[in-house]
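>>> quick one, what's the 3D model for this:
(one chain, ligands or ions: 2)
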Amino acid sequence: METNPKSFRKEHLAIRNAMSEKEVAEKSGVIVKRLLQTGWYQNAQEIFAYYPLKNEVDCRALFLQAWSDGKKIALPRTREENQMDFYYIDDFMQLKEGAFHVMEPMENCVRAVPDKQPVIVPGSVFGRDGSRYGYGKGYYDRFFAKNPKLKRYAVCYANQLEESLVTDIYDVEMHEIYTETEVIRKGV
Ligand SMILES: Nc1nc2c(c(=O)[nH]1)N(C=O)[C@@H](CNc1ccc(C(=O)N[C@@H](CCC(=O)O)C(=O)O)cc1)CN2
Ligand SMILES: Nc1ncnc2c1ncn2[C@@H]1O[C@H](COP(=O)(O)OP(=O)(O)OP(=O)(O)O)[C@@H](O)[C@H]1O
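Ligands and ions are numbered 1, 2, ... in the order given. Modelled structure (predicted):
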């Protein structure tokens, strides 16, 4: 493996895309169970998450549990200048395919104003130091730069973890990283 950011991202996306449906479902199930046990999940009234694309960790079971626990789920919709906003959905029917084939909340959904919601964050590769690479467009980095108080809870498979990543000044660190085999806590 190379440590050049671009090749790191590409190699890890290739590893993730090679996972079977069964592996994704099983590992995602373990990760969701861990998330549901956290104090932050239990105390949250609202959670910012994402709708899984390809083999990303699938947190849809958490949305269903959250809805039945009376919590709100908000998912991102991208807009100009690599920015994104979160919108509430209470049903998977309120999604439609948007940019990059991601399922996004429809136009009539209500925007969630960032306040204290925990954010479940996807990524292509993570460092044990809390570093993260996404798809290289900087959506999450821009969002967290604007909303630095929100807690950042990454989810990924153990095979997406490296010791550390070469980061730039815009890269925002994760507070915790949840995988199917371990949880990394940076504190804060
Ligand atoms: N599920 C999900 N939703 C998200 C993000 C994300 O990372 N995951 N985003 C965070 O930025 C924003 C969308 N940004 C994106 C930017 C680029 C690609 C992209 O290049 N996708 C590749 C597939 C890569 C792969 O998994 O192999 C493609 O379409 O070819 C996808 C989303 C907001 N919503
Ligand atoms: N807050 C910011 N303000 C201006 N430019 C930014 C900001 N955050 C990131 N960028 C720029 O956006 C580009 C992509 O950033 P980066 O490679 O860190 O994306 P990523 O975290 O992998 O992707 P994503 O968050 O979309 O999943 C880089 O050129 C970076 O310098």
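
>>> show me where this protein has its helices.
Counting by DSSP state H, the chain has helices at residues 5-17, 21-36, 39-43, 60-68, 139-146.

>>> may I see the buried residues of the last one?
Within helix 139-146, the residues that qualify as buried by neighbour count (16 or more other C-beta atoms under 10 Å) are 139, 140, 141, 142, 143, 144. The way it works is simple: take the backbone N, C-alpha and C, and place the C-beta from them, glycine included.

>>> of those, just say which sits nearest to residue 34.
Proximity of those to residue 34 (C-beta to C-beta) peaks at residue 140, which lies at 20.8 Å.

>>> that closest one touches residue 121, doesn't it?
Yes: with contact defined as C-beta atoms under 8 Å, residue 140 reaches residue 121; the gap is 6.0 Å.

>>> what are the bridge partners for residue 103, then?
Following DSSP bridges, residue 103 is listed with bridge partners residue 97.

>>> how close does it get to ligand 2?
16 Å (C-beta to the nearest ligand atom, to the nearest Å).

>>> and the gap between that residue and residue 146?
23 Å (C-beta to C-beta, to the nearest Å).

>>> looking at the protein, which residue is nearest ligand 2?
residue 134 (1.7 Å; C-beta to the nearest ligand atom).

>>> what about that residue, neighbour count?
By the measure other C-beta atoms under 10 Å, the count of residues near residue 134 is 16.

>>> now swap in residue 60 and tell me
By other C-beta under 10 Å, neighbour count at residue 60 equals 14.

>>> what's the closest non-adjacent residue to it?
Sequence neighbours aside, residue 52 is the residue nearest to residue 60 in space, at 6.9 Å (criterion: C-beta to C-beta, 6 or more residues apart in numbering).
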